[in-house]
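# build me a model:
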Amino acid sequence: MSQDFTFHIKRIRFDENYRPADNTRATTNFANLARGESRQQNLRNALTMIANRFNTLAHWDNPTADRYAVELDIITGELSLGTSEEVDTFPAIEILKTTIVDKQTDKRIDGMVGNNFSSYVRDYDFSVWLSEHNKDRTEFGIPEGFGDLHGKLFKLFVNSEAYREIFDKPPVICLSVSSSKVYRRTENQHPVLGVEYENDESSLTDFYFGKMGMKVRYFMPPHAVAPLAFYFSGDLLSDYTDLELISAISTMETFQKIYRPEIYNANSPAGQRYQPSLKHQDFSLTRIVYDREERSRLAVEQGKFTEEHFIKPYQALLRDWSAHYSL
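Residues are numbered from 1 along each chain as shown. Here you go, the predicted structure:
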């Protein structure tokens, strides 16, 4: 039986009129905001926060702090699992693409691709497979082969003809730092990314993204209160322009202020030695409605959906492909 794994890309604008597609993960940052009675106000406020943060960081030749606008597109990588008999598709990966609009010159400038990262298979790995593996264990453990399939699917996506036709740089994913780790401030400082932090021990997320071929560095941008984790391949500091980096910071710091205000909207900044905590009480809330408990519950539901509609039906096909796929 011949087989072919290929990606096709779909794009949809993320603005105040955005409504999630039926197959979009409900826990994804952008999709979660677009639900409920406050959906349009949530989206409008989040987009305003992104634009304001961008202009604060891109302060040169920008005296009134309103030179730039930021547009966001949701990029969905749909995986086609083809055999000689049939072809099925599954929405394997979603990321965000930013476009910077310079209102002074009337130019459109490519921003960062990546930013947010959404994956049904990751839901399955963490909320189903990892959970079941540790259900009756007294000591936390990682199952053999954990993250292998997901990592290879991500590499296939980034190296696909569909991706390379549209984007000329690999994605950068920007996430929250881990609340289980301690981070230490270094002397290294970048004009846009800010002060670099380091930790002594990799997190499970670092391990998982390593399977995707990505390294991590932690930076606390100017005027921020906590470092962000930047996952990338190549060279984060030299492969991307200042405006690309600012587009990633402004987008993802906004999402983190909404979803993890205890860390990213705290009223005092991280110090020399920093351990983030969701139990921190001295923070401010954004004017955006968000249900974190629902988000945790939905992650489990989405993991089970993936198991039922992707992992189990194509188990043999996925196992065979994964065993032979290499870059």
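# average pLDDT for stretch 127-134?
Stretch 127-134 shows a mean pLDDT of 94.
# next one: stretch 79-95
Stretch 79-95 comes out at a mean pLDDT of 77.
# where do the strands sit along the protein?
Per DSSP state E, the chain carries strands over the ranges 3-14, 68-83, 87-102, 107-119, 172-176, 183-190, 194-199, 215-220, 228-232, 273-274.
# quick check: Glu198 touching Met220?
No. If you go by Cβ atoms under 8 Å, Glu198 and Met220 don't touch, sitting 11.8 Å apart. The C-beta positions use only the backbone N, C-alpha and C, and glycine is treated the same way.
# low pLDDT regions in the stretch 51-200 of the chain?
Filtered on pLDDT under 70, the stretch 51-200 of the chain yields the residue ranges 82-87.
# what about Gln40, distance to Ile288?
Using Cβ to Cβ, to the nearest Å, we find Gln40 at a distance of 12 Å from Ile288.
# and the two? Which one has more around it.
Counting neighbours by other Cβ atoms under 10 Å for Gln40 and for Ile288 shows that Ile288 has the greater number, 19 against 14.
# ok, now which ones touch the more buried one?
Counting by Cβ atoms under 8 Å, 6 or more residues apart in numbering, Ile288 makes contact with Leu33, Ser38, Gln41, Asn42, Asn45, Ala46, Ile258.
# those, buried ones only, as a ChimeraX selection?
Buried residues among those (16 or more other Cβ atoms under 10 Å), as a ChimeraX selection:
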select :33,42,45,46,258
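# what is the burial count for the residue nearest to Val182 when sequence neighbours are not counted?
Excluding the flanking residues, the one nearest Val182 by Cβ to Cβ, 6 or more residues apart in numbering is Gln275, at 4.8 Å. If you count neighbours by other Cβ under 10 Å, Gln275 ends up with 14.
# right, and Gln275 touches Arg184 too?
No. In this structure, Gln275 is not within contact of Arg184 by Cβ under 8 Å, at 10.2 Å.
# circling back to that earlier point, who's more crowded, Glu198 and Met220?
Set Glu198 next to Met220 and count neighbours by other Cβ under 10 Å: Met220 wins out with 22 against 13.
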